[in-house]
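*Asks:* coordinates only, sequence not included:
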């Protein structure tokens, strides 16, 4: 079924806006009927159209497979830093099983949905477009608000964690004004790098990823002759800290859909996106399991020793001070890579929302480097405001908001499947029928219920306030459009 395109204008919109919106719709419909891929209403039927769009995109280069793999890697993981709490909360065996089995329950379904819907709608905005197509623009906006806020909360962690890993070498950044100033300067420097272009960020992600992962290969080689499997099989604490355990797994293995918000910047997304997601999934799982197997199996340590930074301690025990310093530097660098990838996703999401008329037109403007300057600055401001929260509060609040957004994403995926949208369109399809897709989503949906149920009252209260802000923000922006307080591009949504 072809989607119905409609343009929403406020009552006070002038005749020029109405004429422009109507002309745009007629142009899309007529061009679609004529087979013009530039204006086709549904995604094109082969994988060449996205590549052809590169020629129409001006001088801005598109992202290829390898940089995209590392952008996904940093949006999801960034390496094993931060998984230490899983060992402290539940012991080595459950930690290893968690990072082996949790990807099957959560990461694989989310990556499959991202591959299918990302190739069905290969444009910036990602999950906002999916939910808008399935449930309408109001819920698409709510999805965008919750996912953007969740991403910004997540990004507020990384300058803080960077300084945490750096403070043993530079004690002056441990606390007080020097720490606050350092966090702001780091945020500004990484924001500037994002401004310089997504291709630049992708290349930086590849280099940072290699630097961050190589010391763990050295750790694994040194640990191999010292492994004692009995250390992996030790009993879990009684009782395990299930809340900390699940939050740690969830935080380290989600956000596979983040790459969808910059699908419009990917070279030939119909082919590139599914391949990059597959390679990134394998890379992420190995990046967790190999260091955990090495450190838990070859280093004698109490469970209480497994706190942030323990991998540097394990590296020193296995390879001496030089390897320990490398792991510590890799941890700091990894946080910089995660910041870059997350900000790219967040800012291009805002650009995609503005292109659909959900946000003011200023967010749709690009810099001379092809980057969404307003979205980058807006996201950086959010990071600066939220960086005062504690680590555990950030992780718990981010997980709560992310879960609410994922529920809408699951519903949108199933609804588009029921309506057979994109069937035979030439993009990637999850090799399951509608019933199989529902069954695939049952375990992650149950997991979402568990994560939400384990939230503290403080996290619940803060998250519900955030949801309420989104419910109020949409009508306020519609009022600004109707009263012409702000300039918007013509509003449109896919209706299936």
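*Replies:* That came in fine, so what should we check first? Bear in mind that the values here come from a model prediction, so they are computed numbers and not experimental data. Residues are numbered from 1 along each chain as shown.
*Asks:* going forward, measure contacts between C-alpha atoms and count neighbours the same way
*Replies:* Will do.
*Asks:* quick one: buried residues of the longest helix anywhere in the chain?
*Replies:* Secondary structure assigned by DSSP state H gives helix 321-355 as the longest helix of the chain. For helix 321-355, burial by neighbour count (16 or more other Cα atoms under 10 Å) applies to 323-355.
*Asks:* helices or strands up against that helix?
*Replies:* Applying 3 or more Cα pairs under 8 Å, 6 or more residues apart in numbering; DSSP states H and E, one finds that helix 321-355 contacts helix 65-76, helix 137-155, helix 157-166, helix 176-195, helix 198-223, helix 310-319, helix 373-386.
*Asks:* Okay, now the unreliable bits of the chain?
*Replies:* 1-59, 168-169, 174, 387-395, 493-496 (pLDDT under 70).
*Asks:* Looking at the helices and strands packed on helix 321-355, which one is packed in the most?
*Replies:* Ranked by average neighbour count under the criterion mean count of other Cα atoms under 10 Å, the helices and strands packed on helix 321-355 are headed by helix 65-76 at a mean of 27.
*Asks:* Which neighbouring elements make contact with that one?
*Replies:* Of the remaining helices and strands, those touching helix 65-76 by 3+ Cα pairs under 8 Å, 6+ apart are helix 198-223, helix 269-298, helix 321-355.
*Asks:* Kindly reformat those as CSV and extend each row with distance to residue 365.
*Replies:* Shown next, in CSV, are these (distance: least, Cα to Cα, whole Å):
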stretch, distance to residue 365
helix 198-223, 15
helix 269-298, 22
helix 321-355, 8
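*Asks:* Indicate which one of those helices is closest to residue 86.
*Replies:* helix 269-298 (10.3 Å; Cα to Cα).
*Asks:* the strands in the stretch 351-496 of the chain, which residues?
*Replies:* 491-495 (DSSP state E, counting those that start in this stretch).
*Asks:* all helices of it, in order?
*Replies:* 373-386, 391-418, 434-453, 457-482 (DSSP state H, counting those that start in this stretch).
*Asks:* next one: the shortest one to chain centre, how far?
*Replies:* For helix 373-386, the separation from the chain centroid amounts to 16 Å (computed by Cα atoms, centre = their mean, to the nearest Å).
*Asks:* Could you list every helix and strand that it packs against?
*Replies:* Contact partners of helix 373-386 among helices and strands, from 3+ Cα pairs under 8 Å, 6+ apart: helix 137-155, helix 176-195, helix 321-355.
*Asks:* residues in contact with stretch 101-112?
*Replies:* With contacts defined as Cα atoms under 8 Å, 6 or more residues apart in numbering, stretch 101-112 is touched by 249, 253-254, 256-257, 277-278, 281, 285, 430, 440-441, 443-444.
*Asks:* thinking again about what came up before, output the helices of the stretch 351-496 of the chain in JSON lines; the columns should cover distance to residue 230.
*Replies:* Listed next are those as JSON lines, based on distance: least, Cα to Cα, whole Å:
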{"stretch": "helix 373-386", "distance to residue 230": "43"}
{"stretch": "helix 391-418", "distance to residue 230": "31"}
{"stretch": "helix 434-453", "distance to residue 230": "30"}
{"stretch": "helix 457-482", "distance to residue 230": "38"}
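*Asks:* returning to what we had before: which one of the helices and strands packed on helix 65-76 lies nearest to residue 398?
*Replies:* helix 321-355 (13.1 Å).
*Asks:* tilt between the closest one and helix 137-155?
*Replies:* Interaxial angle of helix 321-355 relative to helix 137-155 (axes from the mean of the first three to the mean of the last three Cα atoms, to 10 degrees): 160 degrees.
*Asks:* Next, the angle helix 310-319 makes with helix 321-355.
*Replies:* Orientation check (the same axes, to 10 degrees): helix 321-355 against helix 310-319 gives 150 degrees.
*Asks:* of all the helices and strands packed on helix 321-355, which lies closest to residue 453?
*Replies:* Across the helices and strands packed on helix 321-355, the minimum distance to residue 453, taken as Cα to Cα, is reached by helix 137-155, at 18.1 Å.
*Asks:* Can you spell out which helices and strands pack onto that closest one?
*Replies:* helix 127-135, helix 321-355, helix 373-386, helix 391-418, helix 457-482.
*Asks:* And the second one, how far out from the chain middle?
*Replies:* Relative to the chain's own centre, helix 321-355 is displaced by 11 Å; criterion: Cα atoms, centre = their mean.
*Asks:* That helix versus helix 157-166: what angle between them?
*Replies:* Counting by the same axes, to 10 degrees, helix 321-355 points 170 degrees away from the direction of helix 157-166.
*Asks:* what does the third one give?
*Replies:* Inter-element angle recorded for helix 373-386 and helix 157-166: 60 degrees (by the same axes, to 10 degrees).
*Asks:* Likewise for the fourth one?
*Replies:* Between helix 391-418 and helix 157-166, the angle comes out at 140 degrees (the same axes, to 10 degrees).
*Asks:* The first one now?
*Replies:* With the same axes, to 10 degrees defining the directions, helix 127-135 sits at 150 degrees from helix 157-166.
*Asks:* got the contact list for the closest residue to residue 252 other than its chain neighbours?
*Replies:* Leaving out its chain neighbours, the residue that sits closest to residue 252 by Cα to Cα, 6 or more residues apart in numbering is residue 77, at 5.6 Å. Taking Cα under 8 Å, 6+ apart as the criterion, residue 77 is in contact with 252, 253, 284, 338.
*Asks:* Excluding chain neighbours, what is closest to the last one?
*Replies:* It stands for residue 338. Nearest residue to residue 338, sequence neighbours excluded (Cα to Cα, 6+ apart): residue 74, at 4.7 Å.
*Asks:* That neighbour touches residue 341, doesn't it?
*Replies:* Yes - between residue 74 and residue 341 there is a contact at 5.9 Å, judged by Cα atoms under 8 Å.
*Asks:* I appreciate the help and will end here.
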